[in-house]
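following is a predicted model, sequence given first.
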Amino acid sequence: LLQELNPDVEVKAHEMSAGTTLESFDYKGFLEAYDKDHVLVVASDVSNLCLVKISEACQILEMPLVYVQCYGFIGRVRLQLPSAYPIVDSKEGSNISDLRLV
């Protein structure tokens, strides 16, 4: 679907056999094949064990990770960014919290 909206986007999928579980998958080995400057890892509705493994692999390889959870109209998004993407306070001395990605 993403490629249909933007033909410049390259999307790849990895199929696993039915006997392979997400908990035993080698995420680090899989992600090493990609250029870290052109990858955004998106995870949704995975177990905590899978999320920890994906998070560790992304941290080691310095790849950004977006984790999304949806419950009908309520949801949350968690970001894990490598040190190359610092978050800074854009308005020093202000009482309003406004964090920006640089």
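That came through, no problem.

please count neighbours and contacts with C-alpha atoms only from this point.
Will do.

what pairs with the spatially most central residue of the chain across the strands?
In the chain, the centroid-proximal residue (CA atoms, centre = their mean) is Leu65; its distance is 2.0 Å. Here Leu65 sits in beta bridges with Val41, Gln80, as judged by DSSP bridges.

pretty sure it sits against Cys58.
Yes. Assessed by CA atoms under 8 Å, Leu65 is found in contact with Cys58 at 6.7 Å.

mutual contacts of the two, please.
Residues touching both Leu65 and Cys58 (CA atoms under 8 Å, 6 or more residues apart in numbering) are Val41.

low-confidence regions, the chain specifically.
Low-confidence segments of the chain (pLDDT under 70): 1-2, 19, 87-102.

contacts for the helix ranked longest in it?
Identified as the longest helix of the chain according to DSSP state H is helix 48-61. The contact list for helix 48-61 (CA under 8 Å, 6+ apart) reads 22-23, 27-28, 31-32, 36, 41, 43, 64-65, 80-82.

the same query, at a cut-off of 6 Å, please.
Helix 48-61 has contacts (CA atoms under 6 Å, 6 or more residues apart in numbering) with Glu23, Lys28.

got it, and stretch 34-44?
Taking CA under 6 Å, 6+ apart as the rule, stretch 34-44 contacts Met63, Pro64, Leu65, Val66, Tyr67, Val68, Gln69.

kindly recompute the last result at 8 Å.
Applying CA under 8 Å, 6+ apart, the external contacts of stretch 34-44 come out as Leu51, Cys58, Leu61, Glu62, Met63, Pro64, Leu65, Val66, Tyr67, Val68, Gln69.

how about those, which pair is most distant?
Farthest pair in the contacts of stretch 34-44 (CA to CA) is Leu61 and Gln69. Separation: 23.5 Å.

test my guess that Gln80 contacts Pro64.
Yes. At 5.8 Å, Gln80 counts as touching Pro64 under the criterion of CA under 8 Å.

comparing those two, which residue is more hemmed in?
Per other CA atoms under 10 Å, whichever of Gln80 and Pro64 has more neighbours is Pro64, with 22 against 16.
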